[in-house]
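Participant: How does the following fold in three dimensions:
(chains A, B, C and D, ligands or ions: 4)
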Amino acid sequence: MLQTVSGSHAVGETQLAAYRFMLRARLLDDKFAALYRAGKIHGGVFLGRGQEALSAAIGVSLNKSDVFAPLIRDAAGRLAFGEPIIDAVRTYLGSALGPMRGRDGNVHRGRPLEGYLPMISHLGAMVSVVNGVLFARRMKGITGIVGVACLGEGATSTGAFHESLNQAAVEKLPLVLVVANNQFAYSTPTTSQFACADLANKATGYGVESHSLDGTDFSDCVETVGSAVARARAGHGPQLVIATLLRLCGHGEHDDAGYIAPELKNSALGRDCLKGAEEFLLKHKLADAAQLAVWRSEAIREIEEAVAQAQREPAPDPYEEKWSALSSEHLNELRTEA
Amino acid sequence: MLQTVSGSHAVGETQLAAYRFMLRARLLDDKFAALYRAGKIHGGVFLGRGQEALSAAIGVSLNKSDVFAPLIRDAAGRLAFGEPIIDAVRTYLGSALGPMRGRDGNVHRGRPLEGYLPMISHLGAMVSVVNGVLFARRMKGITGIVGVACLGEGATSTGAFHESLNQAAVEKLPLVLVVANNQFAYSTPTTSQFACADLANKATGYGVESHSLDGTDFSDCVETVGSAVARARAGHGPQLVIATLLRLCGHGEHDDAGYIAPELKNSALGRDCLKGAEEFLLKHKLADAAQLAVWRSEAIREIEEAVAQAQREPAPDPYEEKWSALSSEHLNELRTEA
Amino acid sequence: MSITYLEAIREAQAHALRDDPRVFIYGQDVGAFGGAFKATKNLQKEFPGRVLDSPISEDAMIGLAVGTAIEGMRPIIEMQFADFSTVAFNQIVNQASTLFWRTNVPCPITVRLPFGGTSGSGPFHSQCLEAIYAHYPGLVVLTPATVEDAYSMLLSAVAIDDPVIFCEHKFLYYHLKAEKLPSEALPIGKARIAREGRDLTIVTYSAMVHEALAAADELATEGWQVEVVDLRSIKPLDTDTVVASVARTGRLLCVGEAWPWGGVTAEVIARVSAESYGLLDAPPQRLNAKDTPVPYHPNLWAAHRPTARSVAAAARKLIRF
Amino acid sequence: MSITYLEAIREAQAHALRDDPRVFIYGQDVGAFGGAFKATKNLQKEFPGRVLDSPISEDAMIGLAVGTAIEGMRPIIEMQFADFSTVAFNQIVNQASTLFWRTNVPCPITVRLPFGGTSGSGPFHSQCLEAIYAHYPGLVVLTPATVEDAYSMLLSAVAIDDPVIFCEHKFLYYHLKAEKLPSEALPIGKARIAREGRDLTIVTYSAMVHEALAAADELATEGWQVEVVDLRSIKPLDTDTVVASVARTGRLLCVGEAWPWGGVTAEVIARVSAESYGLLDAPPQRLNAKDTPVPYHPNLWAAHRPTARSVAAAARKLIRF
Ligand SMILES: Cc1ncc(C[n+]2csc(CCOP(=O)(O)OP(=O)(O)O)c2C)c(N)n1
Ligand SMILES: Cc1ncc(C[n+]2csc(CCOP(=O)(O)OP(=O)(O)O)c2C)c(N)n1
Ligand SMILES: [Mg+2]
Ligand SMILES: [Mg+2]
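Facilitator: Numbers count the residues shown, from 1 in each chain, chains lettered A, B, ... in the order given. Ligands and ions are numbered 1, 2, ... in the order given. This is a model prediction of the structure:
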């Protein structure tokens, strides 16, 4: 696994790390999109284009011992939290050797024992699971850790969002709930989703702290997420982070996002955070153009290798599959029918 | 049915009406408690003692064409909204002639076609049903109406509370959501229920208006609820009303509320709103002691008559019962088994 | 002209909106976007103000529908996937399904559940929940297997005065085609003999009807005449048609795409065993999905659910019993 | 000493808390108050920091439990009434039940559901949801009918590495008594012959075991020996014991307090019909609650669910078949 970069590192270092995860995530997403178009992927493909700065900022602010529950647009955060590219590729291709063994696919991947929680589809449902991990660790006397759960703004309309944020607040858990307000939930604009002036206004109603950031602004992402995570880590209870940005792709690769008005795409919200990050690095002389090009080609090579490898790997074999959902093998009912 | 008093009436009149509903509710509740102790009631008995001012204030601020979804502590509001005492008594006694025909009992009563919604037990679940009634009426072009849904502070922790308040806000429905913060949800104190400094802080997070009131203060109840209802009626969207008070009884009559500290009972929160209302009427010369005594004995007589009547009425007969849950009779499966 | 199962669902909704001012549609992305599967395509434009986007609040979506039903409306609620109806579960099984029984006020809501497995959809976009809803009193559960039924049964669903769980199979959405929409239909509650036969009865519903028909084709080449009964509605369930078929064939195989414990196949066998015991020449058998979540990878998925091949194998075994 | 079913549940939890530091209890009012039914009475005092009040957030309660299970804890979640688990439905059936299958990480949570009808409790405090949960893969569903089983099966539930839906019947809470707690128990998954007989097998579980036993008493006075099988666990379901009993008696009546469509009685009959068809001398029958919500008034309630009397009537009819 790649080493994650904790918030305590020198500023330039964190940004550099974040950028490289963003870059790899973007290229990985591009590869998935290409595989999708080539008919090589079963089911849907969900990308994080335009949301990499936010997602990477989360990943680089976490330690290995922290907890992370990403959602569908968090390829960058996943990589930054330590997910090897091959795990992502294997899951998308359904490889029997991937963490989900072909049982679940695409963005539904994780390694719970490493604090990396695999999402179920039902929006909002992962937040209370993060609470549980944090709750258990506190019972065991483990301190100084943080759990991040990611949601889109559409998911704030779920009862699960509410119950779990309230639960975290009551238990004063070190939860950081990051809401990526990318203006749309599938096709639904925010005006059909909520009526508050600002999602950050929700925080006082739960008794939690809030942070707002511009998700198109690379350094704002790194800094604001970093300080939210630091507040939670320092024992100030749940932190609600609201990021404003735009999804620069369809809901999934099957969707052309025709419902996003061109004006919106061309507005400040539509800025590509990856470009912004590159400008930041160049401006602060953290890297030069040649270096960026090297990183890019390195990442592409890594991704191509992972894809080539996963494509050579065995698909799951139904005859080898243990068709049982219980861990307690003696309680499985395996009577054959008909 | 008794006539409800709308917010537009003269001040003294509204207060007088509210008081009389409070009185009748208190005496009705007392009767139910007595019947419970005498073993005459099947299942639990849930009282609104200490919450009558708030509840009556809701009822008197509504018109017959409004919508009302009371909860377990709303005997006063129900009466004020027009529920005849006999409906309450029949439901508690399971009379076949009551609105629920012995199928459901105690506080689970209502008449949906009269805008009076019968609660299901699942906390928070009625709010979106109120939304639906308001939504349908708007579709039909009916305006100037309001819907009130009542909850306890414990119910604010449900996902249903959140989804439905948000839904009302998005649709800008004339919903008044009244939360009676009586400090406990069954035995659970507010500190285990939420972490916000004030439940009213939730309002901005939904983009709705909020109103706070002292539920032990009779005139505050009447005025604040009245103005919240008026705001909703005038088209200002959902209103969140937070009332602070104390339940002056157990969760149900089976519960001695031993978990409520004597200091709390003896604090300002423990004041009896019914006494406060009487003091108000006397002070403002809206009634004298003799008049109060007359009203009391009138109410007692009415209640005793209703109980006597309902006790004479037939219990539901399983042989007469149509054992089918569908309105479409031809789709019922009534195969006899065994 | 040729019309798909999905188009039939769109057409039925258009028809209902056109004919009945009390009908409206509420669901995530059903408005301008036309729904995740395009089942409401152009309907918002055609019927302004009557096709409305909801927030991602399944519980409140159903609650709202019930409230409008009290006011005499006939809402159609689209769940984006059947799987997400678990979030609305309480409102469906406790609010909607009990309203009429408690209050005598009908609750004519239609909840559209795009359900069932498709390749690569995995454990949370493939579930078959018909048995869950059928267990509760107060709900009607429909499972159309054909384009014609998708159309006419959705129209019936909207007309029914009770909450209807309308299970529309995603696997059939695009692939199943018909020449035209029907003008007549069997009543709700009547099963259909999808294929006649004398050697064995396969009772099934929804997408599995097509697997059963393919299995019947295969067995026909071996000389066996398999009768296929399409239940159409699983609650109410047309025991009479099933029993009559079993009386003719003497053998019963029930096939369902849902999980094996309980469910439609158990219910059918329990009824047949109780009512037409003497008619059976062999023990009634069933074939369901495996007792695990629905797998993502096509290899696993194809082995998880019954297919023409496994249905044929089970039928063969039963015929030879 | 005499101990009730409810006390046995309290004792089992005390035992589990004492023996295993990974166990904790989370639920509404379970702390200082000791729970709505007092099933956790004094446990918070005895085990400080390990018996915790939750907000009224059933969805988040189960989600939290799953998170702690990932960390190796063994939470016991008390639903105040089984009926309210419908609000937690999504987390139970999609999060908890799939975790192991998806990730290979066990999910040892116990969800205690005080369930079943009692007089005057009405449609929302009486439900029997065992069949709903049993339909889903990945859950173990237990339904103890005796004080001894309430105790030992709850201990087993906590020890099982998978999510257990522990259905404890409220009707049995106070009335059922035993002399002492057992030190040994049948393993989970084994049914129990509650009474031996040769003329008819009644298969049932939970509170209905006692109605069946009373019916058997009544039939004994008429000269009939009725065998009563207490399933104990409905998933896994001990088909072997049922089939063996039916092999002895030749007649099967399944009795359940749940609604008639699907459920335990259908599942049992489907299995017996498939596996021991030749053993039956009469069609297998079942008796369930009526297909409506559970009524409030005792008169209606007593007619809604099976009772000793209706069980005896059904048994008599079947014996005479
Ligand atoms: C409870 C639930 N309802 C519906 C869905 C279907 N669904 C999947 S993603 C999505 C939109 C989510 O929007 P948002 O939360 O804003 O996240 P984004 O896709 O914009 O990142 C919907 C409705 C779901 N996954 N879960
Ligand atoms: C979803 C749900 N969970 C649990 C319950 C059980 N229950 C009934 S009343 C109650 C306490 C409610 O407290 P609050 O909302 O503060 O209202 P109060 O009784 O204080 O008026 C609980 C937990 C329920 N009815 N619904
Ligand atoms: Mg979004
Ligand atoms: Mg309260």
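Participant: what's residue 178 in contact with, if anything?
Facilitator: Reading this off chain A. By C-beta atoms under 8 Å, 6 or more residues apart in numbering or on different chains, A:Val178 lies in contact with A:Leu54, A:Ile58, A:Val148, A:Ala149, A:Cys150, A:Leu151, A:Val225, A:Ala228, A:Val241, A:Ala243. The way it works is simple: take the backbone N, C-alpha and C, and place the C-beta from them, glycine included.
Participant: right idea, wrong chain: chain C
Facilitator: C:Ser2, C:Ile3, C:Ala8, C:Thr146, C:Val147, C:Glu148.
Participant: Among the residues you listed, give me the pair with the biggest separation.
Facilitator: Among these, the pair separated by the greatest distance (C-beta to C-beta) is C:Ser2 and C:Thr146, at 13.7 Å.
Participant: With neighbour numbers in mind, choose between the two.
Facilitator: C:Thr146 (22 against 9; other C-beta atoms under 10 Å in any protein chain shown).
Participant: Contact partners for that one?
Facilitator: C:Thr146 is in contact with C:Tyr5, C:Leu176, C:Ala178, C:Val209, C:Asp230, counting by C-beta under 8 Å, 6+ apart.
Participant: Chain A: strands as residue ranges?
Facilitator: For chain A, the strands defined by DSSP state E cover A:67-69, A:147-152, A:175-181, A:184-185, A:188-189, A:209-214, A:239-244.
Participant: just the stretch 201-321 of chain C next, same as before
Facilitator: Here the stretch 201-321 of chain C has its strands, by DSSP state E, counting those that start in this stretch, at C:226-230, C:233-235, C:252-255, C:285-287.
Participant: JSON lines for those, including distance to ligand 3, mean neighbour count and mean pLDDT?
Facilitator: Output for the strands of the stretch 201-321 of chain C, formatted as JSON lines (distance: least, C-beta to the ion, whole Å; neighbours: other C-beta atoms under 10 Å in any protein chain shown; pLDDT from 0 to 100):
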{"stretch": "strand C:226-230", "distance to ligand 3": "40", "mean neighbour count": "27", "mean pLDDT": "98"}
{"stretch": "strand C:233-235", "distance to ligand 3": "36", "mean neighbour count": "28", "mean pLDDT": "98"}
{"stretch": "strand C:252-255", "distance to ligand 3": "40", "mean neighbour count": "30", "mean pLDDT": "98"}
{"stretch": "strand C:285-287", "distance to ligand 3": "41", "mean neighbour count": "26", "mean pLDDT": "97"}
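Participant: Give me the residue at the spatial middle of chain C.
Facilitator: What sits nearest the mean C-alpha location of chain C, by C-alpha atoms, centre = their mean, is C:Thr143, with 1.8 Å.
Participant: Can you give me the pLDDT of that one?
Facilitator: Here the pLDDT value assigned to C:Thr143 is 98.
Participant: Likewise for the one 5 residues further on?
Facilitator: The confidence metric pLDDT takes the value 98 at C:Glu148.
Participant: Dihedrals phi and psi, C:Thr110?
Facilitator: For C:Thr110, the backbone dihedrals (degrees, to the nearest 10) come out as phi -110, psi 120.
Participant: just checking, it touches C:Met73?
Facilitator: No - if you go by C-beta atoms under 8 Å, C:Thr110 and C:Met73 don't touch, sitting 11.3 Å apart.
Participant: of those two, who's got more company?
Facilitator: C:Thr110 (29 against 23).
Participant: which residues does that one form a beta bridge with?
Facilitator: Beta-bridge partners recorded for C:Thr110 (DSSP bridges): C:Ile76, C:Val164.
Participant: mind listing what it touches?
Facilitator: Taking C-beta under 8 Å, 6+ apart as the test, what C:Thr110 contacts is C:Arg74, C:Pro75, C:Ile76, C:Ile77, C:Leu154, C:Ala157, C:Val158, C:Ile160, C:Pro163, C:Val164, C:Phe166.
Participant: make it 10 Å
Facilitator: Listed by C-beta atoms under 10 Å, 6 or more residues apart in numbering or on different chains, the contact set of C:Thr110 reads C:13, C:16, C:23, C:25, C:65, C:69, C:74-78, C:140, C:142, C:154-160, C:162-166.
Participant: Tell me the spacing between it and C:Ala65.
Facilitator: C:Thr110 is 9 Å from C:Ala65, where distance means C-beta to C-beta, to the nearest Å.
Participant: Now list whatever residues contact both of these two.
Facilitator: Contact criterion C-beta under 10 Å, 6+ apart; residues shared by C:Thr110 and C:Ala65: C:Arg74, C:Pro75, C:Ile76, C:Ile77, C:Pro163.
Participant: And stretch C:103-113, end to end?
Facilitator: End-to-end distance for stretch C:103-113, by C-alpha to C-alpha, to the nearest Å: 26 Å.
Participant: For ligand 4, see how far away the residue lying closest to A:Ser210 once chain neighbours are set aside is.
Facilitator: What sits nearest to A:Ser210 in space, not counting adjacent residues and going by C-beta to C-beta, 6 or more residues apart in numbering or on different chains, is A:Ala203, at 3.4 Å. As defined by C-beta to the ion, to the nearest Å, A:Ala203 lies at a distance of 24 Å from ligand 4.
Participant: excluding its backbone neighbours, what's nearest the closest residue to chain D within chain A?
Facilitator: Closest to chain D within chain A is A:Gly132: 1.9 Å, counting by C-beta to the nearest C-beta. With sequence-adjacent residues excluded and distances taken as C-beta to C-beta, 6+ apart, A:Gly132 is closest to D:Gly67, at 1.9 Å.
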